[in-house]
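S.K.: Dropping the sequence and predicted coords here.
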Amino acid sequence: MVIKLVGNRRLGGSKGERKKAFEKNGGVLLEKLVAYCDGRPIPIRGFSYEELRRATNNYDQGCVLQVSQWYTWYKGSLDGRIVSIKKYAEDSTFSDFSFTDIAMSAKTSSHKNVLRLVGCCLETQLPTLVFEFAGNGFLSERVYQCNIHGYPREHPPMAWQIRLKIAREIAHAISYIHTAFSRPIIHRDIKPGNIFLDQHNVPKLADFSLSIPIPEGETHIEDKVHGSYGFLCPNYLATGRATEKTDVYSFGMLLLVLSTGQRSYVPQATTHEDSLVNYIRKCTISEIVDPAILAEEGGAGVEQQLQAVRELVLRCMDENPEMRPTMVDVTKELRRIERFMP
């Protein structure tokens, strides 16, 4: 296997800790790449700590795109090019996730609907990742009717055909990671907050930190449960067994969120019975769909599409994983639904 880490590794003179971090992290990354990338040569550009510090104006708060428990996304400028920089919290608890993120992102970046890894910096306690920039931000900022505090959305509502296209393209990306490699990759955290939109609203699946490959010849892998509340497959939550159908369930919830603009759970929910999917099982699509979609011109054509999407959601989120479609079939069905153009 050929590992290329290209670029200047300026350590900032007396910063011996950065040199130690670089050497330690380089070894761990090599192990991850060997384990996950099937011996294929993967060039990964290396950036110095100083380069990324300058790119973000010393990680200025004005450059922050999103903050999570594990990491912060920054907007930065490198060599005259705008990039997204993912800086993990300096907590050793997240170490394995950060290296998995690099290895899996490098492996899957060739797909047009996966956020492309540009390179990384190994001079920090945990690696800092550099990705392409997607100008329209996160899907989570655009799709919900209200923010987490209950205030109405700031952005204009997304047109239904754009939402449908986003769903189909993300389905294709998930289908790709499930089928393009000798070991299917399970993403395990499919949700609007892990999807970027570029300036043309082309979606980019991101955050492979929780991803895990299924061993060759196996149909599942057992592991500690990881994911996001509201999008977690109940079977996986109960058994710790991750399969391709684990992602199918999460995608079903994503598709439901795109259709309704609602959160994946009812505020103050305490049980699975309070989840959004249980509401749609009891209601017609017209009762729960985002009113902005119903306000569009389209008539019967849009109604047909919405009903077909509702049926696909329920299939993806079937309580029996074996009854759920594959992501290949989901992609085909969404392409068919798109043809019902109003």
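M.R.: Looks like it arrived, so ask away. If you're wondering where the values come from, they're calculated on a predicted model, not measured in any experiment.

S.K.: use CA for all of it now, contacts and neighbours both
M.R.: Will do.

S.K.: Name all residues that make contact with P157.
M.R.: Contacts for P157 (CA atoms under 8 Å, 6 or more residues apart in numbering) come out as R142, V143, Q145, A292.

S.K.: Next, count neighbours for the nearest residue to the second one once chain neighbours are set aside.
M.R.: Spelled out, that is V143. In this structure, V143 finds its nearest non-sequential neighbour in G261, 5.5 Å apart by CA to CA, 6 or more residues apart in numbering. By other CA atoms under 10 Å, the residues close to G261 number 24.

S.K.: show me the contacts for G261.
M.R.: Neighbours of G261 in contact, by CA under 8 Å, 6+ apart: V143, Y144, Q145, V289, D290.

S.K.: So which residues of the stretch 101-250 of the chain form strands?
M.R.: Assigned by DSSP state E, counting those that start in this stretch, the strands in the stretch 101-250 of the chain fall at 117-121, 128-132, 185-186, 195-197, 203-205, 212-213, 221-222, 241-242.

S.K.: Using PDB, list the CA coordinates for the second one.
M.R.: By that I understand strand 128-132. Once non-C-alpha atoms are left out, strand 128-132 reads as follows in PDB (Å, rounded to 0.1, in the frame of the first residue of the first chain):
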ATOM      1  CA  THR A 128      -7.700  18.300  11.900                       C
ATOM      2  CA  LEU A 129      -9.400  17.600   8.600                       C
ATOM      3  CA  VAL A 130      -9.700  19.800   5.500                       C
ATOM      4  CA  PHE A 131     -12.600  19.300   3.000                       C
ATOM      5  CA  GLU A 132     -14.000  21.100   0.000                       C
END
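
S.K.: Mind listing the strands it pairs with, and their directions?
M.R.: strand 81-88 (antiparallel), strand 117-121 (antiparallel) (DSSP bridges).

S.K.: So which of these is nearest E154?
M.R.: Of all the strands paired with strand 128-132, the one in closest proximity to E154, counting by CA to CA, is strand 81-88 (22.3 Å).

S.K.: Please settle this for me: is K75 part of a helix?
M.R.: No - secondary structure of K75, determined by DSSP: H, G, I helix; E, B strand; the rest coil: strand, with no helix assignment.

S.K.: Pull up the gap between it and K332, please.
M.R.: Here the criterion is CA to CA, to the nearest Å. By it, K75 lies 35 Å from K332.

S.K.: Name the residue in those two with the higher neighbour count.
M.R.: K75 (24 against 15).

S.K.: about what we covered before: can you put the strands paired with strand 128-132 in TSV and add mean neighbour count?
M.R.: Putting the strands paired with strand 128-132 into TSV (neighbours: other CA atoms under 10 Å) gives the following:
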stretch	mean neighbour count
strand 81-88	21
strand 117-121	24
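
S.K.: right, and those - which one's nearest G217?
M.R.: strand 117-121 (29.0 Å).

S.K.: Let me see the residues that make contact with the closest one.
M.R.: Here strand 117-121 has contacts from 44-49, 102, 105-106, 109, 127-132, using CA under 8 Å, 6+ apart.

S.K.: Show me the two of those residues that sit farthest apart.
M.R.: Top of the distance list for the contacts of strand 117-121 (CA to CA): Y49 and S109, 23.2 Å.

S.K.: Among those two, which residue is more densely surrounded?
M.R.: Between Y49 and S109, counting by other CA under 10 Å, Y49 is the more crowded of the two (21 against 18).

S.K.: which residues touch the residue nearest to the more buried one when sequence neighbours are not counted?
M.R.: What sits nearest to Y49 in space, not counting adjacent residues and going by CA to CA, 6+ apart, is E123, at 6.0 Å. Residues near E123 by CA under 8 Å, 6+ apart: L11, E17, R18, K19, K20, A21, F22, N25, S48, Y49.
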